[in-house]
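Novice: pasting the sequence and the predicted coordinates here, then a few questions.
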Amino acid sequence: MSKTVIYSAQAPEPIGPYSQAIQAGNTLYVSGQIAIDSTSGQLVSGTIAEETHQVMKNLEAVLSAAGMGFNNVAKCSIFLKDMNSFAEVNTVYGEYFTSNPPARETVEVSRLPKDVRVEISCIAVK
């Protein structure tokens, strides 16, 4: 099976030795996205909702680079710095998955890259 690196200039550059996404066959594995604005390279600060919207925009850009969209997403993993943010993150997340939402887990972690409050990764299928 072949493996293809997927890259979008509309999503932030990786901050380590990894790809934004890898497509293996019909399956796309999207690396965890945080709230970095790809234009400025800066973290989006503000509310957890604003941060989550940026994360979702970054995921959307990577999915689009692979010719996919949120309707192709089979599974998401959400990492939160504080589980008390769950309701706000969940509300924003729900705006992007309006029907047939993917499988998912949400976990609280002690720390995330660049000390952000939310990181989301996903797996999508063509």
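Specialist: Thanks, I have it. Numbering: from 1, shown residues only.
Novice: C-alpha from now on. contacts and neighbour counts both.
Specialist: Noted.
Novice: let me see the ranges of the strands in the protein.
Specialist: 3-6, 21-24, 27-33, 73-80, 103-108, 118-125 (DSSP state E).
Novice: can you redo those as CSV with mean neighbour count, mean pLDDT and distance to residue 49?
Specialist: Output for the strands of the chain, formatted as CSV (neighbours: other C-alpha atoms under 10 Å; pLDDT from 0 to 100; distance: least, C-alpha to C-alpha, whole Å):
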stretch, mean neighbour count, mean pLDDT, distance to residue 49
strand 3-6, 14, 98, 27
strand 21-24, 19, 98, 24
strand 27-33, 21, 98, 15
strand 73-80, 20, 98, 12
strand 103-108, 13, 98, 16
strand 118-125, 22, 98, 10
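Novice: adding distance to residue 61, write those out as CSV.
Specialist: Output for those, formatted as CSV (distance: least, C-alpha to C-alpha, whole Å):
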stretch, distance to residue 61
strand 3-6, 11
strand 21-24, 11
strand 27-33, 11
strand 73-80, 13
strand 103-108, 20
strand 118-125, 13
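Novice: and the ones you listed: which comes nearest residue 40?
Specialist: strand 27-33 (15.6 Å; C-alpha to C-alpha).
Novice: residue 2 is in contact with residue 24, isn't it?
Specialist: Yes - using C-alpha atoms under 8 Å, residue 2 is in contact with residue 24, at 5.9 Å.
Novice: one step back: tell me which of the strands of the chain sits nearest to residue 45.
Specialist: strand 118-125 (11.8 Å).
Novice: list the helices and strands the closest one packs on?
Specialist: On a contact count with 3 or more C-alpha pairs under 8 Å, 6 or more residues apart in numbering; DSSP states H and E, strand 118-125 meets strand 27-33, helix 48-65, strand 73-80.
Novice: of all those, which one is nearest residue 91?
Specialist: Proximity to residue 91, assessed across the helices and strands packed on strand 118-125 by C-alpha to C-alpha, is greatest for helix 48-65 (8.3 Å).
Novice: hang on, the earlier thing: can I get the helices and strands packed on strand 118-125 in JSON lines including distance to residue 110?
Specialist: As requested, the helices and strands packed on strand 118-125 are arranged in JSON lines below (distance: least, C-alpha to C-alpha, whole Å):
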{"stretch": "strand 27-33", "distance to residue 110": "16"}
{"stretch": "helix 48-65", "distance to residue 110": "16"}
{"stretch": "strand 73-80", "distance to residue 110": "8"}
